[in-house]
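Enquirer: Sequence plus the predicted model coming up.
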Amino acid sequence: MPSSDHEAKLLGSWKEIAAYLGKGVRTVQRWEHEFGLPVSRPKKALKGVVFSSTDKLDRWLVTKWEQLPRGKELPANTGSPSALAASIRDFRRLRRANRQLMYDLTQAMEGLRGEYQALVRTVSGSSEAKNRRTEKPLRYLTENVASRSR
């Protein structure tokens, strides 16, 4: 689902591709083999090294997935193309909402940290002032007690 708020991203592993599509690694590997999921392999790469772009995957979902012959039975966990496309849109919406929540949480934590530090300064400042107020009487008592004991 190419859209204006979506920037193309290179996915560099089966795990990233599977996460992007909201499926398991074995499922997307099977889709590559059975349905032509667009993944590329670098030349002279180790077995299992793949990459794909989010744009290629989106185009494949819109075009190729919907054109699959319906005579061939699809695995039970693949879902319909429109359901998969809706899942991807939901995933993107939830990811944006999660990022906003994380930002808000970080801001709130920084604010609380500032309030905590100010409270510590206030409490330690009042403790120092209290100590200064009690130092004089304590010194007086110790001096008087010492002088009386002589």
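Expert: Ah, there it is.
Enquirer: and Ala8, that one's in a strand?
Expert: No: according to DSSP: H, G, I helix; E, B strand; the rest coil, Ala8 belongs to no strand; its state is coil.
Enquirer: Confirm for me that it is in contact with Ser53.
Expert: Yes: Ala8 is within contact range of Ser53, at 5.3 Å (criterion: CB atoms under 8 Å). All C-beta atoms are positioned from the backbone trio N, CA, C, and that covers glycine.
Enquirer: between those two, who's got more neighbours?
Expert: Between Ala8 and Ser53, Ser53 has the larger neighbour count (other CB atoms under 10 Å), namely 17 against 11.
Enquirer: got the phi/psi numbers for the more buried one?
Expert: phi -110, psi 150 (degrees, to the nearest 10).
Enquirer: pretty sure it contacts Lys9?
Expert: Yes: using CB under 8 Å, Ser53 makes contact with Lys9 at a distance of 6.9 Å.
Enquirer: Which strands or helices does the strand or helix carrying Val28 pack on?
Expert: Assigned by DSSP states H and E, Val28 belongs to helix 25-35. In this structure, helix 25-35 packs against helix 14-21, with contacts taken as 3 or more CB pairs under 8 Å, 6 or more residues apart in numbering; DSSP states H and E.
Enquirer: Show me the contact partners of the helix it packs on.
Expert: 11, 24-25, 27-29, 37, 39, 48, 50, 52, 54, 57, 84, 88 (CB atoms under 8 Å, 6 or more residues apart in numbering).
Enquirer: make it 7 Å
Expert: Leu11, Gly24, Val25, Thr27, Val28, Gln29, Val39, Val50, Ser52, Thr54, Leu57 (CB atoms under 7 Å, 6 or more residues apart in numbering).
Enquirer: ok and that helix relative to helix 25-35, angle-wise?
Expert: Relative orientation of helix 14-21 versus helix 25-35 (axes from the mean of the first three to the mean of the last three CA atoms, to 10 degrees): 80 degrees.
Enquirer: Now helix 14-21 - C-alpha only, PDB.
Expert: Coordinates of each C-alpha in helix 14-21 appear next as PDB, following Å, rounded to 0.1, in the frame of the first residue of the first chain:
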ATOM      1  CA  TRP A  14      13.700 -13.000   6.600                       C
ATOM      2  CA  LYS A  15      12.900 -11.900  10.100                       C
ATOM      3  CA  GLU A  16      12.500  -8.300   9.100                       C
ATOM      4  CA  ILE A  17      10.400  -9.200   6.000                       C
ATOM      5  CA  ALA A  18       8.200 -11.500   8.100                       C
ATOM      6  CA  ALA A  19       7.700  -8.800  10.800                       C
ATOM      7  CA  TYR A  20       6.800  -6.200   8.100                       C
ATOM      8  CA  LEU A  21       4.200  -8.600   6.700                       C
END
